[in-house]
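Q: heads up, no residue letters with this:
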Ligand SMILES: [Zn+2]
């Protein structure tokens, strides 16, 4: 049985790369029994969806009057943050 710390690490890792079959099974087992980690996973998903929306808005919103290179820098920064969390 995973500890909550191990489970939350796996949840974070799963955003960067697919988990192994064994990791996935352990995580699912933990999530079935642990409300706290379920909430953590949901909050992380909400955060990610929000980040993606912001990124899409910046990329597509012509009303945002920024120099093109500034827009690109912001988008790149959001992309790299998304990967490191
Ligand atoms: Zn837990």
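A: Here it is on my side, so go on. All values derive from a computational prediction rather than experimental measurement.
Q: how about the residues of this protein that lie near the ion?
A: Counting by Cβ under 5 Å from the ion, the chain comes close to the ion at 4, 7, 34, 37. Where you see a C-beta, it was placed from the backbone N, CA and C, and this is true even at glycine.
Q: what mean pLDDT does the helix or strand containing residue 22 get?
A: Assessed by DSSP states H and E, residue 22 sits inside helix 21-33. Helix 21-33 shows a mean pLDDT of 96.
Q: identify the residues contacting it?
A: Residues outside helix 21-33 that contact it (Cβ atoms under 8 Å, 6 or more residues apart in numbering): 1-2, 4, 6-7, 10-11, 13-14, 19, 37-38, 41.
Q: now do the buried residues in the following helix or strand past it.
A: Next helix or strand after helix 21-33 toward the C-terminus (DSSP H and E): helix 35-60. Using 16 or more other Cβ atoms under 10 Å as the test for burial, helix 35-60 gives 37, 40-41, 44, 55, 58.
Q: other SSEs contacting helix 35-60?
A: helix 4-16, helix 21-33, helix 68-84 (3 or more Cβ pairs under 8 Å, 6 or more residues apart in numbering; DSSP states H and E).
Q: and the last one, what does it pack against?
A: This points to helix 68-84. Partner elements for helix 68-84 (3+ Cβ pairs under 8 Å, 6+ apart): helix 4-16, helix 35-60.
Q: confidence-wise, which of those helices is weakest overall?
A: Sorting these by mean pLDDT places helix 35-60 lowest, at a mean of 90.
Q: can you give me the angle that one makes with helix 68-84?
A: 160 degrees (axes from the mean of the first three to the mean of the last three Cα atoms, to 10 degrees).
Q: can you give me the offset of helix 35-60 from its chain's centre?
A: Chain-centre distance of helix 35-60: 6 Å, with Cα atoms, centre = their mean, to the nearest Å.
Q: what's the angle between that helix and helix 4-16?
A: 30 degrees.
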